[in-house]
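**Q** coordinates only, sequence not included:
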């Protein structure tokens with residue numbers, strides 16, 4: 001009896017997987033670029049840049065978007081120069097809500113990313129010269145956010161998004177605007 005139940009569960013699982021794969025529409029649909037205001041935790045805000053791709057739908061209303069983003073912040077106070085840089089590569093899933101106007105597409109999303117962090121500090125100490133220290137770290141981050149996408153014309157879309165990145169020691173909030181260009185018709 002246990003074997004029959006196990007085979008029945010396995011068969012149902014395979015059938016549902018095939019149905020989900022049939023509903024997915026993966027492909028290289030669009031590329032885009034973003035500009036952002038990034039506010040890292042415990043630091044002043046800074047400017048960031050990014051690129052992304054639209055890889056289609058994993059399931060109905062769920063899009064897949066890989067991204068590459070960069071921001072850097074430097075400061076000089078009391079002779080101590082510091083800088084922090086974050087280069088992240090990741091992917092986000094976006095759930096597009098059903099709305100009556102098909103030109104405006106609101107979404108909520110979640111994603112994972114690898115953050116390649118680099119920190120530097122230097123100071124000129126009388127009698128010792130310039131003292132420098134630096135460090136690199138790679139951390140896994142969780143992105144939570146949402147926004148809208150709207151058509152500018154038949155081939156280009158405008159994006160406005162807000163994301164909160166949970167990254168150990170460097171949590172960050174970002175407001176992004178961007179443009180994507182469709183590669184398929």
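**A** Cool, got the structure. Source: prediction; values computed, not measured.
**Q** so for the helix or strand residue 86 falls within, mean pLDDT?
**A** Element membership of residue 86 [criterion: DSSP states H and E] is strand 80-96. Model confidence over strand 80-96, given as mean pLDDT, is 93.
**Q** who are the packing partners of it?
**A** strand 62-77, strand 104-125, strand 129-151 (3 or more Cβ pairs under 8 Å, 6 or more residues apart in numbering; DSSP states H and E). (Each C-beta comes from the backbone N, C-alpha and C, glycine too.)
**Q** buried residues in that strand?
**A** Going by neighbour count (16 or more other Cβ atoms under 10 Å), the buried part of strand 80-96 is 82, 84, 86, 88, 90, 92, 93, 94, 96.
**Q** of those, closest to residue 171?
**A** residue 86 (11.2 Å; Cβ to Cβ).
**Q** in CSV: the helices and strands packed on strand 80-96, plus mean pLDDT.
**A** Output for the helices and strands packed on strand 80-96, formatted as CSV (pLDDT from 0 to 100):
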stretch, mean pLDDT
strand 62-77, 93
strand 104-125, 93
strand 129-151, 93
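**Q** how about JSON lines for these, with mean neighbour count and distance to residue 51 added?
**A** Below are the helices and strands packed on strand 80-96 laid out as JSON lines (neighbours: other Cβ atoms under 10 Å; distance: least, Cβ to Cβ, whole Å):
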{"stretch": "strand 62-77", "mean neighbour count": "17", "distance to residue 51": "5"}
{"stretch": "strand 104-125", "mean neighbour count": "16", "distance to residue 51": "13"}
{"stretch": "strand 129-151", "mean neighbour count": "14", "distance to residue 51": "16"}
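**Q** among those strands, which is nearest residue 159?
**A** Going by Cβ to Cβ, the one of those nearest residue 159 is strand 129-151, 5.1 Å.
**Q** that closest one: how far from the chain's middle?
**A** Put simply, strand 129-151 sits 10 Å off its chain's centre (Cα atoms, centre = their mean, to the nearest Å).
**Q** quick one, it and strand 104-125 angle?
**A** Calculated by axes from the mean of the first three to the mean of the last three Cα atoms, to 10 degrees, strand 129-151 forms an angle of 170 degrees with strand 104-125.
**Q** list of residues touching the next helix or strand after strand 129-151?
**A** Going down the chain from strand 129-151, the next helix or strand is strand 156-167, by DSSP H and E. By Cβ atoms under 8 Å, 6 or more residues apart in numbering, the surrounding residues in contact with strand 156-167 are 30, 32, 34, 86, 88, 109, 113, 115, 139-152, 171-182.
**Q** give the pairing partners of strand 156-167; include direction for each.
**A** strand 129-151 (antiparallel), strand 172-182 (antiparallel) (DSSP bridges).
**Q** pick the one among the buried residues of strand 80-96 closest to residue 64.
**A** So of the buried residues of strand 80-96, ranked by how close each gets to residue 64 (Cβ to Cβ), first place is residue 93, at 6.2 Å.
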